[in-house]
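*Asks:* below is the sequence, then the predicted model.
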Amino acid sequence: MNSSNGMFKGFLYRYGKIMTAYILLTVAVWIMGMILLPQFLMVDYSFWAVDEVAQAKAMNQVAVLETRLDRLDAEIRAAQKEMRAAGDAAEKDRISRRIADLERRAGEVEAGFVPLDKAISDPPRAYGLKNYAYLAKNTLHRSIFFKTMVVSLTVTFTAFLLCYPIAYYLAQVVNKQTAAVVFIGLITPYWVNEILRTFAWLMMLSQNGLINIALQALGIVDAPVDFLNNNSGVIIGMVYCYVLFMVFPIYNTLDTLDHNQIEAARDLGAGWWRIHTRIAIPHAKPGIAVGCIMTFMVAAGTYAVPSILGGTSSLWFTQVIYSWFFDGGNWNQGSAYAFVLLVLCIVFIMAMTRLFKVRLEDIAK
Amino acid sequence: MGSAIDLEKVSMRFGDYLALDNVDLHIREGEFFSLLGSSGCGKTTILRIISGFLDPSQGQVRIGGRDMAGIGPNKRPTALIFQNLALFPLMSVADNIGFGLDVRGVPRADRRKKVDELLELIALPGAADKLVTELSGGQRQRVAIARALAVAPEVLLLDEPLSALDLKLRQHMRQELRAIQQRTGVTFLYITHDQSEALAMSDRVGVMSQAMIEQVGTPDEVYNRPASPFVASFVGANNVFRGRVTRMDNGMAVLDTRFGALTGRVGEGSSLNVSDTAMLFVRPEDFSLANGSTDGLNIVSSRVRFQQFEGAFVNLHLENRDGRRDLTVQWTNRPDLPRLDRGQELRVGFRHDRAMVLPRGELANE
């Protein structure tokens, strides 16, 4: 509270009243409009479903009313015909009274449609856990969910194994100029958008792509490896797409590690393994936690990479969510799936902060 | 007594820059040896070569008689104390001290015992479970020493570890370091730019200038019998008189200077001939008021420029008659000190055998 108060005063001092008000207002609008309201709406959606029984009953009643209306219309038409054929005034008067009576009844039937129409176009909502229960019962979707989780963890771990040495090398081994050159090398591929980068991997990983040609030429495999219909293509593509999310946080923390600490450990007899496990990794913990959280979240939440590199037999959970929203037209079911994914990510964040014994404040720093 | 460290013709080159030029250095077992030099003279390079973080471009390094070529810093019988101490901030005091034992696979119980012994040695019992960030500057200093001593090194290398402390604590830590060295008997190689530190603590001092070692000797030798003008001007304050040798006689030389003819003893091992240009050095504290017998004394006529009262002593700044050269005189504070005014004529003297004559050479930059 104290520090946020101080931060507010600092803001006021630096930007003045008008700018501060503007910044606070835009942030509030952003938080409300972009984060809280859509999330609340989604959570709300996920907990109700259309009351199908009530909807079907309404539709039946509509059908009943429609036949009654048709019958009345036919009677009215028959009466009008009699009217034209009728001779004396007394008979005409009798028929016109009958028509008026029929029209009154038709009007009553038509009025009956109004509440039913509403029940069909905006059907009653049944609140409950039906949407979640559906996911729990659907073995295919459940297995896709767990596969997404396991593969995202694999991607995160692979990215860590790949990125920690790079980050250490950049932060502790080379000088700043060399590090800058390597950073440019790391960032340049990201100037191309994600879809194109992923397509590049599609070309490399396909049955007669570069990698299979190389593997066959070297005699390592006889038949081309089908990277795209198992998860390896997805893992390779995601690791490649998201390494920067891992490299930068780890680099940032390792960069603040006093090089003397490494030399001191080495001088005291520590080999490389000990230096990393006892000195460098404990120091880099907040960065590693941030890197893992970010990589896991983008991996679990990606749509493009699995839909391009995943083929047909390796669906991603986001693809299932997508199809609920846009193919199945069931937003409630989609929302429930999306909310489960969100909960998974939150659980992962909490697990990481627990595992690395870092607090969210440390990560924010 | 054996040799703890031997450097034989060690040179170190960084690109075009020569950091060490053919250095020979022999440090005896169990001595407190200081390398004294200004920043950039190569003293830290020597330390890093001995500890194994740098490989010399040329020459041989032996520790305890064994050639260290190809042996990494983690395999050498040395322990380094860094200028910023480089304690591990995420570990407790005990884990810091026990780190070297831990990586050597010493079991927990033995480790704990050794840590407690060392905490006793550095007078910090009960601090085992504190974080190093909770300690004061002097306490951290001692933990760094304990951490280095824990691995039972043959040689302890210290890279100006006291430079971050305030004066009082620094003086206290000098005594403490010396005491710890004497109690443990470990060879200490101490790097410093602070000459009073080097003189106060060391058995022997090596004075460095620009990639070379100028002189190695006891503090007394280095101070009282400097081997070169650099050492004479770098270690302690010194007055310099430049002049031409007019007479050589029985290890004494007479120089013709701007203050007149001055006599001093010729430095050991320096070859001087009549008519060579030379330098005569005399310490500020070797001056006395010249009133009485002038036998065996050089007499300098001068004028008072100003006086500085420093408490235990008084610094007197004098100039010669034409005001072009000045000299510093230091007297201990006594009640019978004369009252001196600016511009007052003053004859001061110093004994012939307290003045050193050396061939002309480079002086240390002030």
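*Replies:* Nice, I can see it. What you see is a predicted model, and the numbers here were worked out from it, not measured in a lab. Residues are numbered from 1 along each chain as shown, chains lettered A, B, ... in the order given.

*Asks:* can you tell me the SS state at B:His26?
*Replies:* B:His26 carries the three-state label strand when classified by DSSP: H, G, I helix; E, B strand; the rest coil.

*Asks:* lowest average confidence, helix or strand, in the chain?
*Replies:* Since you didn't name a chain, this refers to chain A. Counting by mean pLDDT, DSSP states H and E, the weakest-scoring helix or strand in chain A turns out to be helix A:360-364, with a mean of 63.

*Asks:* chain B is the one I meant
*Replies:* Min over SSEs of chain B, mean pLDDT, DSSP H and E: strand B:288-289 (a mean of 83).

*Asks:* list the buried ones in the following helix or strand past that one?
*Replies:* Downstream of strand B:288-289, the first helix or strand assigned by DSSP states H and E is strand B:297-309. Judged by neighbour count using 16 or more other Cβ atoms under 10 Å in any protein chain shown, the buried positions of strand B:297-309 are B:Leu297, B:Asn298, B:Val300, B:Ser302, B:Val304, B:Gln307. Any C-beta I mention is one placed from the backbone N, CA and C, and that applies to glycine too.

*Asks:* quickly run through the sheet partners of the helix or strand following strand B:297-309, with directions.
*Replies:* For strand B:297-309, the following helix or strand on the C-terminal side (DSSP H and E) is strand B:313-319. Strands that pair with strand B:313-319, judged by DSSP bridges, come out as strand B:297-309 (antiparallel), strand B:326-332 (antiparallel).

*Asks:* then the longest helix along chain B to PDB, C-alphas only?
*Replies:* Looking across chain B with DSSP state H, the single longest helix is helix B:167-184. C-alpha atoms of helix B:167-184 as PDB (Å, rounded to 0.1, in the frame of the first residue of the first chain):
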ATOM      1  CA  LEU B 167      39.500   3.900   7.800                       C
ATOM      2  CA  LYS B 168      38.900   2.700  11.400                       C
ATOM      3  CA  LEU B 169      37.600  -0.700  10.400                       C
ATOM      4  CA  ARG B 170      40.400  -1.000   7.900                       C
ATOM      5  CA  GLN B 171      43.000  -0.500  10.500                       C
ATOM      6  CA  HIS B 172      41.300  -2.900  12.800                       C
ATOM      7  CA  MET B 173      41.100  -5.500  10.000                       C
ATOM      8  CA  ARG B 174      44.800  -5.100   9.300                       C
ATOM      9  CA  GLN B 175      45.600  -6.400  12.700                       C
ATOM     10  CA  GLU B 176      43.000  -9.100  12.400                       C
ATOM     11  CA  LEU B 177      44.300 -10.300   9.100                       C
ATOM     12  CA  ARG B 178      47.800 -10.400  10.400                       C
ATOM     13  CA  ALA B 179      46.700 -12.300  13.500                       C
ATOM     14  CA  ILE B 180      44.700 -14.900  11.400                       C
ATOM     15  CA  GLN B 181      47.700 -15.300   9.100                       C
ATOM     16  CA  GLN B 182      50.000 -16.000  12.100                       C
ATOM     17  CA  ARG B 183      47.600 -18.300  13.800                       C
ATOM     18  CA  THR B 184      47.000 -20.400  10.600                       C
END
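
*Asks:* which residues sit against that helix?
*Replies:* Contact with helix B:167-184 is made by B:32, B:121-122, B:137-138, B:141-142, B:145, B:149, B:156, B:158, B:162, B:165, B:188, B:190, B:197, B:200-201, as judged by Cβ atoms under 8 Å, 6 or more residues apart in numbering or on different chains.
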